[in-house]
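*Asks:* A predicted structure for the sequence below; I have some questions about it.
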Amino acid sequence: MGLFSIFSREKKENLDKGLAKTKESVFTRLSKAIVGKSKVDDEVLDNLEEILITSDVGVETTLRIIERIQSRVSKDKYLGTAELNGILKEEIAGLLTENEVFVNEDFVIRENLKPYVIMVVGVNGVGKTTTIGKLAYHFKKAGQQVLLGAADTFRAAAIEQLSIWADRVGVPIITQDMGADPASVAFDTLTAAVSRKSDVVIIDTAGRLHNKVNLMNELSKVKRVMQKVIPDAPHEVLLVLDGSTGQNAFEQAKQFTSATEVSALAITKLDGTAKGGVVIGISDQFKIPVKYIGIGEKMEDLQVFNKFEFVDSLF
């Protein structure tokens, strides 16, 4: 199995289950595309191109994948359709390797980065609060001291929902009243984190897709105020996207990456959609590493993204 045997069996089973709808959609159509064919020819490649695009991999990324496979066909002269799955895995994993990010699968933070500050951005409804709660769970399970900051002060529900998650996971949270300055909440959270010797700080931010200038100003202010407490904060700006929205997730990624320096992605709700290919397209197009994927409702269903296992499950 080589590179495709990194995960534990339990994680791999959960991943397979979470990607079942996408896998069924892709695999069924792929099987039809090669029926009666003994080699990969132009017709097979045309069908493969359509399958990838309709799985929300995206046009540009799909063309890059097809070009890679065409190159293999040209070099090997004869390429059997039986080998197509393996080649797809290799070429797509190779594409994702270009956006490498170092991630500890055990959620342990290096000592010289504590407190490690994560600022979470994304529109309302993508699973942002749930992702924060699950991250807090995993970090705490790994023995880290976690502190949450409810800096989405524009909705009372946002503060309440994050407080419920903090209580559920058993981690402290810093809040202010609805309408308070988000930067003030961030400042208080980081000050408390330093005082309490926290290992990980996760800051929620407002989930409104208002105009780019206001979004940029707001997030920039939060960052500046954080840096008064911890000069290199935030260490990570995590954009949460809803994988089930397909191409709409691409649009949200455009908005946020143009408004702030996003350093990592979390793509949620992949278990409820056949559009799991969006993970490949977004990672390729925005050159930002996918760090986490959400494949179910349980705490354990937020996984560190492993490109090899993901592609293996998909194809």
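*Replies:* Done, it's in. Numbering: from 1, shown residues only.

*Asks:* Every contact and neighbour count from this point should use C-alpha atoms.
*Replies:* Noted.

*Asks:* which residues touch G294?
*Replies:* Taking Cα atoms under 8 Å, 6 or more residues apart in numbering, we find G294 in contact with T131, A266, I267, T268, K269, L270, D271, D301, L302, Q303.

*Asks:* Save these as a markdown table, and put in pLDDT, neighbour count and distance to V200 too.
*Replies:* Putting the contacts of G294 into a markdown table (pLDDT from 0 to 100; neighbours: other Cα atoms under 10 Å; distance: Cα to Cα, whole Å) gives the following:
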| residue | pLDDT | neighbour count | distance to V200 |
| --- | --- | --- | --- |
| T131 | 96 | 23 | 15 |
| A266 | 94 | 26 | 17 |
| I267 | 93 | 28 | 21 |
| T268 | 93 | 27 | 21 |
| K269 | 90 | 24 | 24 |
| L270 | 88 | 26 | 26 |
| D271 | 85 | 25 | 28 |
| D301 | 87 | 20 | 20 |
| L302 | 92 | 25 | 17 |
| Q303 | 89 | 21 | 18 |
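
*Asks:* Where strands are concerned, which of those count?
*Replies:* A266, I267, T268, L302, Q303 (DSSP state E).

*Asks:* right, and the fourth one touches L270 too?
*Replies:* By that I understand L302. No. Using Cα atoms under 8 Å, L302 makes no contact with L270, being 10.4 Å away.

*Asks:* Between these two, which contacts overlap?
*Replies:* Common neighbours of L302 and L270 (Cα under 8 Å, 6+ apart) are I293, G294, I295, G296.

*Asks:* Just name the closest of those residues to T260, please.
*Replies:* I293 (21.2 Å; Cα to Cα).

*Asks:* Assumed the closest one was part of a strand.
*Replies:* Yes. With DSSP: H, G, I helix; E, B strand; the rest coil as the criterion, I293 is assigned to a strand.

*Asks:* Could you check how far it is from V278?
*Replies:* 11 Å (Cα to Cα, to the nearest Å).

*Asks:* what stretches of the stretch 1-150 of the chain score poorly on pLDDT?
*Replies:* 1-8, 27, 77-82, 99-106 (pLDDT under 70).

*Asks:* what do you get if the cut-off is 50, keeping everything else the same?
*Replies:* 1-6, 101-104 (pLDDT under 50).
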